[in-house]
Structure formats: structure tokens, C-alpha cells
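Chemist: With the input below, show me the fold.
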Amino acid sequence: MAKEEFECSTCGKTFDSKKGLHIHQGMEHKGKTQKAIVAAVIALIIGLLIGIFLITPAQPVKKQVKQETQTTQSTGKAGIEGIQSSEVVEATEAGDAATNFIQQNLVQGAQVSLVNVTEPEKYPNLYKINFEIQGKVSSAYISKDEQRLFLMSVNMQDFQKQQDQQEQEVKVPKEEKASVEAFVMSYCPYGTQMQKVALPVMEELKGKADFNVRFVNYTMHGKKELDENLLQYCMQKENKTLYQNYLKCFLKEEDNTDECLNKVGADQQTLETCVNETDAEYNVTEMYPVFPVQSDLNKEYGVQGSPTLVINGETVSAPRNPQALLDLVCKGFTNPPEECDQELSTATPSPGFGFSGEGTETDAQC
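Modeler: Numbering: from 1, shown residues only. Here you go, the predicted model:
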């Protein structure tokens, strides 16, 4: 009768008893066995994570389709492998539907463009779409009937930012002619940033909206700010077109008031008279650093810093790029003029003086 042998599954050696095999494995392969167990556990965890992702409910692309009438069905398999579509639309149409859904519901404000659409062999009832958001390419799957969208990844930070913006959105009162008041300090870097944002909007809506630069009722940047506030107050009071031309020059470089006055051909004697009269009426110099000329409006609108934006009497969050400001102002028209369809820059100018360089969207004030 042949003697029974016991073979080591790791190295192939044979032993005439189970005890000998176990002693051998404990001495020779203990470390390798532990590594194998660890690897198996890691693989199991990864598998569970993948499973959790795949069985997570997909986003419905067509919100108006009710649950009981959806044509996307499941075969009983988990996640996207179990999706079947009884109706099939063209690949490009499905890709457009997916990118439109993503732009309108997940990343409002960011441009989403379709790169391409493929038909993966692994998922015959789905299209794979590649789409670009602000220069970054991402992927997702959509059922061939346009009913279910499976996102490969979501930028949660961008999503939360968009959600916060929606919650904070202010409804602008409507008027036949929109009225815009921007409260600033003439040397506040965020005030000058706001003026740079407003200039192209003022030009675009010239005659259609009433724009006014107002001044916060205190100064923070020395006596020169008080003097500049007075000068700009009087220039706007005398001639708004001249004032806008002056701002284009003044905002290019700090401390160039005299040069800009000469460049735009301002009547400096008339301005000096207005400045002296305003100073005397409101005791501006004596009350420095307070700037009391428009304190009544500051109080009425609850102005707390530079810049503060008021549209049709409603204090609103001030966007820091021309296109966003144009869109916001145009919400204030009962019947928006055709100029509201114009496209302006979406770049945020840098704080302070100078038109070169870009800044970041901010709520900062002086």
C-alpha cells in the first residue's frame, strides 16, 4: 500500500505527515502567508469600494420623466452593468444631453463642452462621454435612452460653491430704467477693482441705465483719498461722460490725478469751485477721516465697506467681472435692452491700480 504524502502548496515539497507539513509551513512560509492574507484583505476592501460606487444610484438626466415610465431597466446586476435601455438615441444627442445636465445642475457658471462619445464593449447599453470643464477632461456614462447619468467623479468643492451661490442669490427689483450705485473709496484696492469692473458695463448700458459712483462715509488711505473723493464727486456731478473718461486714466496708475485732468480736458477752475463749496457745506476737511458728503445714502443702504453695490435700491453682492455685473444689472430691467445680450469679459481685474493682470473672485472690502 502506497504511503500517503502531503505536498506544500507554496514550494512543492512533500511530507509523510500533516504535522510535518504544518511545521514546515510555519517555519518557512509564515511571512509569505501573512502577506497573502493582507493582499486578500486589501483586494476585498477595494472590491467593496468599487461595489459601493457602482451601485450608487445614477443621476436622472431627464428630470421630467417619472419613475414608473422610465425605459431604463435593470437586469438584476449591480450598478451600471445591470442597465438596459429599451430605447436608443444617437450618441451625440446623448452626449449633448449629459453635458447640458452637468452644466445646468452641477457646475453652473462653468463652461462644459463635449469632447467625444464612445460605446464601451463592457457596457453595451451605455455611452461613455468625455467632457471638458475649464480645461480639465472628465468622463461619465449615460444610458442609451438618456435616462440615467453615471458620474465618474464630481468636484465637490466646485459643486458646493455653486450651491452656496444659488442660496445667496439676491432677487433684483425691476424698474423701467435700472439704477446702479457703487459705493467706494477712491484709493481702496477693492473699490478701484469694482470701478474697473463697472466701466465697460457703464459704457455698454450708456443711456439705458443710471450709473453713479458714491463714496463710503469714511476714508482709510490718507488725506489724498479725501481730496480724490471730493474731486470725483464734483466731476461726476458736473459731467458724467467726462468722469468716466477720467476714471479710465486714473485707474491705470496711482497718483496721476493732475495728468488725467489735463488729458480729459477738465475745467479745473469749475472743479476747484465745486470742491471748495462741498468742503464748506459738509465740513469735510474738519471731519477727516470721516467723509460725510453722502452719509445719508450710506445709512439708507447700510453701507459697511468699499465696494458696496446697490441696484434699484437693493444692496446686492457685487460680482467682480464685467459679464457677471452686466447680467446682474440687466435683471433690474422690466424689459432688458438689447445691450444685455452683449458679451463682456469674464476675467476678474486685479485689485488696485492698473489694467494688466487678473485677480480672483472675492467679497473683500476696505
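Chemist: so who does His188 touch?
Modeler: One thing to correct before we go on: residue 188 is Cys, not His. Residues near Cys188 by CB atoms under 8 Å, 6 or more residues apart in numbering: Val216, Met220, His221, Ser306, Pro307, Gln365, Cys366. Where you see a C-beta, it was placed from the backbone N, CA and C, and this is true even at glycine.
Chemist: need the contact list for the closest residue to Lys240 other than its chain neighbours.
Modeler: Counting by CB to CB, 6 or more residues apart in numbering, Lys240 lies nearest to Phe211, which is 7.8 Å off, once chain neighbours are set aside. Counting by CB under 8 Å, 6+ apart, Phe211 touches Val180, Ala182, Ala198, Val201, Met202, Leu205, Lys240.
Chemist: just to revisit the earlier point, filter the contacts of Cys188 to the buried ones?
Modeler: By neighbour count, with 16 or more other CB atoms under 10 Å, the contacts of Cys188 hold Val216, His221, Ser306, Pro307, Gln365, Cys366 as buried.
Chemist: Which members of the residues you listed occur in helices, if any?
Modeler: Among the buried ones among the contacts of Cys188, no member falls in helices (criterion: DSSP state H).
Chemist: Now the two most distant members of these.
Modeler: His221 and Pro307 (14.2 Å; CB to CB).
Chemist: Closest one to Val89 out of the contacts of Phe211, please.
Modeler: Val201 (41.2 Å).
Chemist: What's the mean pLDDT across the strand or helix carrying the closest one?
Modeler: If you go by DSSP states H and E, Val201 is part of helix 189-204. The average of the pLDDT scores along helix 189-204 is 93.
Chemist: Can you give me the buried ones in that helix?
Modeler: Quick answer for helix 189-204 (16+ other CB under 10 Å): 189-202, 204.
Chemist: hang on, the earlier thing: mind putting the contacts of Cys188 into CSV with pLDDT and distance to Glu175?
Modeler: Output for the contacts of Cys188, formatted as CSV (pLDDT from 0 to 100; distance: CB to CB, whole Å):
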residue, pLDDT, distance to Glu175
Val216, 95, 24
Met220, 90, 33
His221, 91, 34
Ser306, 92, 25
Pro307, 94, 21
Gln365, 88, 26
Cys366, 89, 29
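Chemist: can you tell me which of those residues lies nearest to Ser356?
Modeler: Closest to Ser356, out of all of the contacts of Cys188 and judged by CB to CB, is Pro307, at 20.6 Å.
Chemist: In contact with that closest one, which residues?
Modeler: Ala182, Phe183, Val184, Cys188, Tyr190, Gly191, Gln193, Met194, Ala318, Gln365.
Chemist: can you pull the contacts of the second one?
Modeler: Applying CB under 8 Å, 6+ apart, one finds that Phe183 lies in contact with 214-216, 294, 297-298, 301, 303, 306-310.
Chemist: Take those residues and write them to a markdown table, including distance to Pro351.
Modeler: Shown next, in a markdown table, are the contacts of Phe183 (distance: CB to CB, whole Å):
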| residue | distance to Pro351 |
| --- | --- |
| Arg214 | 19 |
| Phe215 | 18 |
| Val216 | 16 |
| Gln294 | 23 |
| Leu297 | 24 |
| Asn298 | 22 |
| Tyr301 | 22 |
| Val303 | 19 |
| Ser306 | 11 |
| Pro307 | 11 |
| Thr308 | 16 |
| Leu309 | 16 |
| Val310 | 21 |
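Chemist: quick one: pLDDT of the residue nearest to Tyr246 when sequence neighbours are not counted?
Modeler: In this structure, Tyr246 finds its nearest non-sequential neighbour in Val264, 5.0 Å apart by CB to CB, 6+ apart. With respect to pLDDT, Val264 scores 91.
Chemist: Is Val264 in contact with Leu247, as I believe?
Modeler: No. Using CB atoms under 8 Å, Val264 makes no contact with Leu247, being 9.6 Å away.
Chemist: Please identify which of these two sits among more neighbours.
Modeler: Leu247 (23 against 19; other CB atoms under 10 Å).
Chemist: got any ranges where the stretch 151-300 of the chain has weak pLDDT?
Modeler: 152-170 (pLDDT under 70).
Chemist: hey, C-alpha coordinates of stretch 250-268 in PDB?
Modeler: The C-alpha coordinates for stretch 250-268 follow below in PDB (Å, rounded to 0.1, in the frame of the first residue of the first chain):
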ATOM      1  CA  PHE A 250      -7.000 107.500 -13.100                       C
ATOM      2  CA  LEU A 251      -7.300 103.700 -12.600                       C
ATOM      3  CA  LYS A 252      -4.200 103.000 -14.800                       C
ATOM      4  CA  GLU A 253      -1.700 104.300 -12.300                       C
ATOM      5  CA  GLU A 254      -1.700 105.500  -8.800                       C
ATOM      6  CA  ASP A 255      -1.300 109.300  -8.000                       C
ATOM      7  CA  ASN A 256      -1.800 110.500 -11.600                       C
ATOM      8  CA  THR A 257      -4.700 112.900 -10.900                       C
ATOM      9  CA  ASP A 258      -3.200 116.000 -12.500                       C
ATOM     10  CA  GLU A 259      -2.100 114.200 -15.600                       C
ATOM     11  CA  CYS A 260      -5.600 112.700 -16.100                       C
ATOM     12  CA  LEU A 261      -7.300 116.000 -15.500                       C
ATOM     13  CA  ASN A 262      -5.200 117.500 -18.300                       C
ATOM     14  CA  LYS A 263      -5.700 114.500 -20.500                       C
ATOM     15  CA  VAL A 264      -9.500 114.600 -20.400                       C
ATOM     16  CA  GLY A 265      -9.700 118.400 -20.700                       C
ATOM     17  CA  ALA A 266     -11.400 119.000 -17.400                       C
ATOM     18  CA  ASP A 267     -12.400 122.600 -16.400                       C
ATOM     19  CA  GLN A 268     -10.200 122.700 -13.300                       C
END
